[in-house]
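Novice: Can you look at this prediction? I've put the sequence above it.
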Protein chains: 2
Amino acid sequence: MKSKVTIKDVAQKAGCGVATVSRVLNGTGSTSEKTRKKVLAAAEDLGFVFSDIGRSLQSSTTRTIGCIVPSLANPIFADAVQGIQEEVQKQGYQLLLACSKYDAEEEQNVTRLLIAKQVDGIILTVNDTGTSKALDMIRDRGIPACLMFNRSVSDFPASGIDNFAAAHRVAQALHAEGHHHTGFLALNFQSSDRSRERFMGFQKGCQSFGMAEPVLLQIEEQSGDLSLLLHELLAAHGGLTGIFASNDFLAIAAIREAKSLGRQVPQHLSIVGFDGIEIGRMVDPSLATIETNARQMGCMAARHVLARLVNDAKSDTLKLIEPDQKALRLPYHFRSGGSLAPPEVKTTDGEEAATSSPSCHPTPSISS
Amino acid sequence: MKSKVTIKDVAQKAGCGVATVSRVLNGTGSTSEKTRKKVLAAAEDLGFVFSDIGRSLQSSTTRTIGCIVPSLANPIFADAVQGIQEEVQKQGYQLLLACSKYDAEEEQNVTRLLIAKQVDGIILTVNDTGTSKALDMIRDRGIPACLMFNRSVSDFPASGIDNFAAAHRVAQALHAEGHHHTGFLALNFQSSDRSRERFMGFQKGCQSFGMAEPVLLQIEEQSGDLSLLLHELLAAHGGLTGIFASNDFLAIAAIREAKSLGRQVPQHLSIVGFDGIEIGRMVDPSLATIETNARQMGCMAARHVLARLVNDAKSDTLKLIEPDQKALRLPYHFRSGGSLAPPEVKTTDGEEAATSSPSCHPTPSISS
DNA sequence: CTGAAAGCGCTAACAC
DNA sequence: GTGTTAGCGCTTTCAG
C-alpha cells in the first residue's frame, strides 16, 4: 500500500514551497515558466492528485451531491438517479447515493450520514413529506435540496408530476372504456404519500365520472410474498373490471397473477399502471399507464439544486434573484395499451354479452 | 444558511475543551458523569453532527466506497449497484457513484475523481480490462478494488460469471433446438470485453456442436437510433434462424424489431438473451436467456473490498492472511423461454413448409 | 479526568 | 515570483 503523495511531496521534489505548487496546479496567480515546469514535472512524476478532503476542509465545500431514493430495484428510481448522475457529473460534482428501503428511520439515518459527509446539496424522495425527520434535519442546516416524486412542501421544491391530476386522468380512461367497479392497488400505501395522492386523485376521478367508489387494495411489502398476496387479493375481488395499480411494477405483476387465476387481461380485467417504465411497452398485453420521464425528473432536480449552489456562491448574503419556484412540474400523458379495454358486459342475471377476444377464439361463449 | 456547528461550538457551550467533547461523543476514554451530561446536552441542543471531512483528514480514511458502472439505464447495472449499496450501507460505508457512459476516457476521468475523494475502495465495471487506464491508476495507488462483470485480471479480483462458458451454453441450447445458422448481436462490441468474451464462447460452442460460424452483428450505440439500426441489421440477415444477443435489453429490442419486420419469434427467428433481467420473464414471448444474479454480484464485490479494508486495518504491514482469491465466480443457468424454438425447416428451393401460428393451430407439421 | 496543542492536506493572506 | 504561515474540524498524545 503506497502512502498517498501530498502537495508537500511535490513541493519537495520540485524544490519549492507548497503554495507555489498549489498555484501552478490550480492555475491561480502567476509563476515563472521555470518553476512551473519543475512543478508540473514533479507532479506528473509522482502521479499526484489533489486530495479533495484537504481542499474541502479549507473551502467548506465538497462538490458532492447526496441522493436518497427508496431503492434502485424499481427502474423508475434507477432512471431518476441516472438523470441526476448525468447532470451532476456534467457540472463537475459527484454523487453520494443512499437508499432508504422505504423506511422512515433508515431515511433519517442516511440523511444524517450525508450531512456528516458535508454534501453541498441533497436530492431525495421521502416516504412521507408530512412526517419526514430527514426533511427537518436538512431544513435546519439550510442545505439546498430538492424532492423527487414527492409533492413540494414548505421550503422544499419538488421535481415531479401532478400525481393527483394524473390519477384523475386514469379514472377518466377507465370510464371511457365503460368501467364502473374499480380498485386501486397499492404497495405500502401507509408509508407513501405518492401512493395516497394517486389514490385520492383516482377516487375523485371516479366520483366525477359517476363510477363506483374504488376499492382500496393494499399490500404491505414486508408481509410476505408479493405474488402470493396479489394472487389472493385479486381472487378476493373478482367483481372488479378494472384495476389501477400505483406503479408499473405492481401492474405488471398483477397482470401475471390475474392470468394465473384464469382471468384474461383485458377481457376479464383491465389493468392500468403508473410511471411509464420502458418495459411496459414490451409486456403482453402492453401496459396502459401514465407515462412520466423519470430521467428528466432527476435531471431537473439536480439542475435546480446545482443552480442554487452557484447562486449562493455568487451572491453570498444578498440572494435577491431567483424567487425559488417551488414545483418543477413535469409533463405526463396517458399511454393506452392492450391491458385496458371495455369490460365484458354482464346481464343482470350474470349472463354476459358477446365480446371479441384478441387472438383466435373470436367469440368466447361464456355462460353461467 | 446556518453556518455549520463544529466541535468547538459544542465545547464552548458545554464549557470544556474540544478533546473532552470528542471523547464523550465518541465514547473513547473516560469522563466524569457531570461533564458528560453537559456535553451531551450541548451537542443535542446544537444539533451537532461530526464532520466526516475533518475526521477523514485526520484518519486518512473516508468510509466511502467508489463505484463505477457504464450506466444505470440497463437494469443489470442498477441491480448490481443496489447490491453494492445494501452491503456497503450495512457495514457503515457510503457509496460514491459514477458512470463511465461506456467510454474509456470518461472512465478514467471519474476514476481520478474518486481517487481525489479518497475513497477507501473501488468497485467497478470497465469497458476493457486490457486497456483500462483506470485500473492502472487504481493499481498504482494500491486501492482495494474489485471488478464486476469483467474477467479478473492481474491484481484485480472480479465478481461475475464465466461469460465464455455461459455463451458456450447458449450455443448448446440453440443447437439442441436444431439451429445451424446463427448470429451474435452485440452493442459496442469493440469497447466491451464482456461482449467479446461472450462472442468467443459462443463461437467456440457453435464450432463444438458442428454449427455454422456465427455471424457477428455489431451496433455502435452512438451511430444512431437503436431501433432503426436493429431493423436494418435483421433485415439484412434474413438467413439466420437464431440470434444470441449479448444482453437482454438488446434481445428484447431485437424481438420487437423482428416482429415489426413480420418475422415471428420464435417461429421465424429464435432469440436468446444474456443477463436474466426480471422483465425477460414478462415479455411476450418470454425471453430465453442466461440467468445471472447481478444483485448478488454487486454484493459479493462489495463484501470482498470491505473485507480487504478491515483486513488492511488490522494487520497493517503484515498481511499474511487471506491469499486473495481472484475470481468470485457466481453461478448462472440457462433459462428457457418462448423466444427459443426449433427453426422452421425450409426446402432447398426456398419454399417453406407449413408451420403453425403461435396460438390456434396445435401441431406444426414440419416436413422437408 | 481534562485541557492544550500538534498535525492531517490544502488554500489564501501576507511577507519577502 | 515565491516562500511562510494560519487555519479549516477533528483525533490523539501529552501534561497537568
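Specialist: That came in fine, so what should we check first? Fair warning: this is a prediction, and the values are worked out from it, not measured in the lab.

Novice: all contacts plus neighbour counts: C-alpha atoms, from now on.
Specialist: Will do.

Novice: At the contact with DNA strand C, which residues of chain A appear?
Specialist: Residues of chain A lying close to DNA strand C by Cα under 7 Å from any atom of the strand are A:4-8, A:18-19, A:22, A:26, A:49-59.

Novice: Could you pick out the buried ones from the residues you listed?
Specialist: Among the residues of chain A next to DNA strand C, those that count as buried by neighbour count (16 or more other Cα atoms under 10 Å in any protein chain shown) are A:4-7, A:18, A:22, A:49-57.

Novice: so where's chain A uncertain?
Specialist: Scanning chain A for pLDDT under 70 picks out A:1-3, A:313-325, A:345-368.

Novice: Any idea which residue is closest to the centre of it?
Specialist: For chain A, the residue nearest the mean C-alpha position is A:Phe77 (4.0 Å; Cα atoms, centre = their mean).

Novice: Quick check: that residue is in a helix.
Specialist: Yes: with DSSP: H, G, I helix; E, B strand; the rest coil as the criterion, A:Phe77 is part of a helix.

Novice: neighbours of A:Lys101, just the number please.
Specialist: Using other Cα atoms under 10 Å in any protein chain shown, A:Lys101 has 16 neighbouring residues.

Novice: Who are the contact partners of it?
Specialist: Residues counted as contacts of A:Lys101 (Cα atoms under 8 Å, 6 or more residues apart in numbering or on different chains) are A:Val69, A:Pro70, A:Ser71, A:Glu107.

Novice: count of neighbours near the first one?
Specialist: Other residues near A:Val69 number 23, with proximity taken as other Cα under 10 Å.

Novice: mind checking how far it is from A:Asp103?
Specialist: 10 Å (Cα to Cα, to the nearest Å).

Novice: Is it correct that A:Phe290 is in contact with A:Gly273?
Specialist: Just to correct that, residue A:290 is Ile rather than Phe. Yes: taking Cα atoms under 8 Å as the definition, A:Ile290 is a contact partner of A:Gly273 at 6.6 Å.

Novice: Look at the two and report which has more neighbours.
Specialist: A:Gly273 (30 against 23).

Novice: pretty sure the more buried one contacts A:Asp248?
Specialist: Yes: taking Cα under 8 Å as the definition, A:Gly273 is a contact partner of A:Asp248 at 4.6 Å.

Novice: and for these two, which residues touch both?
Specialist: In contact with both A:Gly273 and A:Asp248: A:Leu287, A:Thr289, using Cα under 8 Å, 6+ apart.

Novice: State the helix or strand in which A:Ala235 lies.
Specialist: helix A:226-236 (DSSP states H and E).

Novice: So the residue nearest to the centre of chain A sits against A:Ala294, correct?
Specialist: Yes: using Cα under 8 Å, A:Phe77 is in contact with A:Ala294, at 7.3 Å.

Novice: So which bits of the helix of greatest length in chain A are buried?
Specialist: Assignment by DSSP state H gives helix A:294-314 as the longest helix of chain A. Buried residues in helix A:294-314, counted by 16+ other Cα under 10 Å: A:294-306, A:308-309.

Novice: Looking at those, spot the one nearest DNA strand C.
Specialist: A:Leu309 (16.5 Å; Cα to the nearest atom of the strand).

Novice: quick one: contacts for that closest one?
Specialist: Per Cα under 8 Å, 6+ apart, neighbours of A:Leu309: A:Asp120, A:Gly121, A:Pro144.

Novice: quick one: is stretch A:138-147 near DNA strand D?
Specialist: No: if you take Cα under 7 Å from any atom of the strand as the test, stretch A:138-147 misses DNA strand D, and the best it gets is 13.2 Å.

Novice: With A:Ala165 as the reference, measure out to the closest residue to A:Asn188 other than its chain neighbours.
Specialist: Counting by Cα to Cα, 6 or more residues apart in numbering or on different chains, A:Asn188 lies nearest to A:Glu220, which is 4.8 Å off, once chain neighbours are set aside. Using Cα to Cα, we find A:Glu220 at a distance of 25 Å from A:Ala165.

Novice: Then A:Asp193?
Specialist: From A:Asp193 to A:Ala165 the distance is 15 Å (Cα to Cα).

Novice: Kindly report the same for A:Leu217.
Specialist: 20 Å.

Novice: Then A:Gln222?
Specialist: 30 Å.

Novice: Which one's more surrounded, those two?
Specialist: A:Ala165 (18 against 8).

Novice: is it true that that one lies in a helix?
Specialist: Yes: looking at A:Ala165 with three-state DSSP, it is inside a helix.

Novice: Nearest residue to it in space, please, no chain neighbours.
Specialist: A:Ala165 sits nearest to A:Gly201 (Cα to Cα, 6+ apart), 6.0 Å away.

Novice: Give the other helices and strands that the helix or strand hosting that neighbour contacts.
Specialist: Assigning secondary structure by DSSP H and E places A:Gly201 in helix A:193-208. Applying 3 or more Cα pairs under 8 Å, 6 or more residues apart in numbering or on different chains; DSSP states H and E, one finds that helix A:193-208 contacts helix A:163-176, strand A:182-187.

Novice: Count the neighbours of the closest residue in space to A:Arg63 that isn't next to it in sequence for me.
Specialist: Take A:Arg63 and drop its neighbours on the chain: the residue closest to it by Cα to Cα, 6+ apart is A:Tyr93, 4.9 Å away. When counting by other Cα under 10 Å, one arrives at 18 neighbours for A:Tyr93.

Novice: try A:Gln207
Specialist: Quick note: A:Gln207 (other Cα under 10 Å) scores 15 neighbours.

Novice: Skipping its backbone neighbours, what lies nearest it in space?
Specialist: A:Gln207's closest residue in space is A:Glu213 (Cα to Cα, 6+ apart), at 6.8 Å.

Novice: Identify each of the strands in chain A and give its residue range.
Specialist: Counting by DSSP state E, residue ranges of the strands within chain A are A:64-69, A:94-99, A:121-124, A:145-148, A:158-160, A:182-187, A:215-219, A:242-245, A:270-272, A:289-291, A:327-329, A:333-335.

Novice: The last one pairs with which strands?
Specialist: Strand pairing for strand A:333-335, determined by DSSP bridges: strand A:289-291 (antiparallel).

Novice: And the fifth one, by the same measure?
Specialist: Looking at strand A:158-160 with DSSP bridges, its paired strands and their directions are strand A:145-148 (parallel), strand A:327-329 (parallel).

Novice: so which of the ones you listed is the most packed in?
Specialist: Stretch with highest mean neighbour count among those: strand A:145-148 (a mean of 28; mean count of other Cα atoms under 10 Å in any protein chain shown).

Novice: Alright, calling it a day.
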